[in-house]
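Engineer: Take this sequence and fold it.
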Amino acid sequence: MKFFEVEYQLDHLIGNLDTPYVAIMDGITMGGGVGLSVHAPFRIATEKTLFAMPETGIGFLPDVAGSFFLPRLDGQLGIYLGLTGKRLKASDVFYAGVATHYVPSSRIAALEARLSEIDNPTHDVINTAIEEFSAEMDQEADFSLGGEIRAAIDRCFKYDTVEEIVAAVEKEDSEWGQETLKLLKGVSPTSLKITLQQLRMGSTLTLGQCFKMEYHLVQKFLEGHDFTEGVNSTLVTRSKPNWKPSALNDVNADKIKEEYFDAPSPARLELLTTKDYKQYPHRKYMLPSEDDVKRVVTGEAADVGNYALSSNEVVEYFLRERKGKQGVKNKVLDVLARKTQVMESEETKSLKWIY
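Structural biologist: Below is the predicted model of the structure:
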């Protein structure tokens, strides 16, 4: 457990540093690499980035505070990524909200040199410097999980039981539905049920509480069958895992709650700092979230005014607010296409949020 203790302490400390911390995900970003990057205020993806939380495929859980950052992605996207282990590449990592910036790998060396020259590295100054090297997103591919696929993700993964999620995916007559069903049926049924409960609980916890919950759960996994089986079959024998139980219906949800969540574990995690939070403090450097867009469309945002906005006005609002950030237009338009209805009057066209 010492490895997990030190890893979680470090990851939590990174998430609470006063010094601006820049994580460059220029390659495979999984497992421990996610812990070192995803809680940073600045997370840079490139065309070489390959991100995933594939732990359910080895009979484990999405740790390194996956229970914190996954539920805070838009809609049910984080639940989908945590349960299926779906891999995201390149600009998809940026549009999903895992990365805060997208910079071509050919510009990374120059960016690092620029950052090293900054005398007063405040978060705002660092953000401005990174934006100078960001890719022109109009020349990049659209979000592969946007549009109808995002709608399907929210439709299917909104449930609080894995059985309901699987049943919903089975009704999806699409290539995405077939791929997702295959992913869900290939991973540990026990891991699926624990992960879903872990992520739902994590949505209301602080970052530190999520690390402590996961430290407790890891001790339970080390006592179980599927983690050892998953690692051995995936990395050693390269064979199909023999999960126990092998079927979702044989995994008792009440027993999972009692044995994994309620029963005490021998060791407790002590963190290195008392600083903590329930929402990432540097969200303004990311693309606007779906909830950010909703608050503008519904007039909840403080500086919007008392009149309904058109699609173009919403885009212009976020371009001003995020200071021309690359990708803002594409992200906002995708959200508006899925979540709003155009209301026409004799003089204007405004937007109504679809709940």
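
Engineer: Can you read off the pLDDT for the nearest residue to residue 89 once chain neighbours are set aside?
Structural biologist: Residue nearest to residue 89 in three dimensions, not counting chain neighbours: residue 50, with 5.6 Å by C-beta to C-beta, 6 or more residues apart in numbering. In short, each C-beta sits where N, CA and C put it, glycine included. Looking at residue 50, its pLDDT is 98.

Engineer: Which element, helix or strand, includes the nearest residue to residue 170 once chain neighbours are set aside?
Structural biologist: Closest residue to residue 170 in three dimensions, ignoring its sequence neighbours and counting by C-beta to C-beta, 6+ apart: residue 181, at 6.3 Å. Assigning secondary structure by DSSP states H and E places residue 181 in helix 175-186.

Engineer: Not counting its own residues, what contacts whatever helix or strand comes next after that helix?
Structural biologist: If you walk from helix 175-186 toward the C-terminus, the next helix or strand you reach (DSSP H and E) is helix 189-202. Judged by C-beta atoms under 8 Å, 6 or more residues apart in numbering, the contacts made with helix 189-202 from elsewhere in the structure are 55-56, 59-62, 65-68, 70-71, 78-79, 82-83, 160-162, 165, 184, 210, 213-214, 217, 224, 226, 230, 243, 245-248, 250-251, 253, 256-257, 260-261.

Engineer: hang on, the earlier thing: ok now the helix holding residue 181, how far from the chain's centre?
Structural biologist: Averaging C-alpha coordinates over helix 175-186 and over its chain gives two centres that are 19 Å apart (C-alpha atoms, centre = their mean, to the nearest Å).

Engineer: before we move on, back to that, I'd like to know which of the contacts of helix 189-202 are buried.
Structural biologist: The neighbour-count test (16 or more other C-beta atoms under 10 Å) applied to the contacts of helix 189-202 identifies 55-56, 59-62, 65-68, 70-71, 78-79, 82-83, 162, 165, 184, 210, 213-214, 217, 224, 226, 230, 243, 248, 251, 253, 256, 260 as buried.

Engineer: if you skip the residues just before and after it, what's nearest to the residue nearest the centre of the chain?
Structural biologist: With distances taken as C-alpha atoms, centre = their mean, the chain has residue 70 as the residue nearest its mean C-alpha position (3.8 Å). Ranked by C-beta to C-beta, 6+ apart and with sequence neighbours excluded, the top spatial neighbour of residue 70 is residue 78, at 3.2 Å.

Engineer: next SSE after the host helix or strand of the one you found?
Structural biologist: Taking DSSP H and E as the definition, one finds residue 78 inside helix 77-84. Sequence-wise, the next helix or strand downstream of helix 77-84 (DSSP H and E) is strand 88-89.

Engineer: Could you list every helix and strand that that next one packs against?
Structural biologist: strand 50-51 (3 or more C-beta pairs under 8 Å, 6 or more residues apart in numbering; DSSP states H and E).

Engineer: partner strands of the strand it packs on, parallel or antiparallel?
Structural biologist: Strands adjacent to strand 50-51 in the sheet, as given by DSSP bridges, are strand 28-29 (parallel), strand 88-89 (antiparallel).

Engineer: and it, how far from the chain's centre?
Structural biologist: Relative to where its chain is centred, strand 50-51 has its mean C-alpha point 12 Å off (C-alpha atoms, centre = their mean).

Engineer: What is the burial count for residue 58?
Structural biologist: Residues near residue 58, counting by other C-beta atoms under 10 Å, number 23.

Engineer: can you pull the pLDDT of it?
Structural biologist: Confidence score, pLDDT, at residue 58: 96.

Engineer: check contacts around it.
Structural biologist: Applying C-beta under 8 Å, 6+ apart, the residues contacting residue 58 are 188, 227, 230-231, 234-235.

Engineer: Any quick PyMOL command for the buried ones out of those?
Structural biologist: With 16+ other C-beta under 10 Å as the criterion, this PyMOL line picks the buried residues out of these:
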select buried, resi 188+227+230+234
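
Engineer: Need the contacts of residue 58 in JSON lines (columns: pLDDT and secondary structure).
Structural biologist: As requested, the contacts of residue 58 are exported to JSON lines (pLDDT from 0 to 100; DSSP: H, G, I helix; E, B strand; the rest coil):
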{"residue": "188", "pLDDT": "97", "secondary structure": "coil"}
{"residue": "227", "pLDDT": "96", "secondary structure": "helix"}
{"residue": "230", "pLDDT": "96", "secondary structure": "helix"}
{"residue": "231", "pLDDT": "95", "secondary structure": "helix"}
{"residue": "234", "pLDDT": "90", "secondary structure": "helix"}
{"residue": "235", "pLDDT": "89", "secondary structure": "helix"}
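
Engineer: Cheers, nothing more for now.
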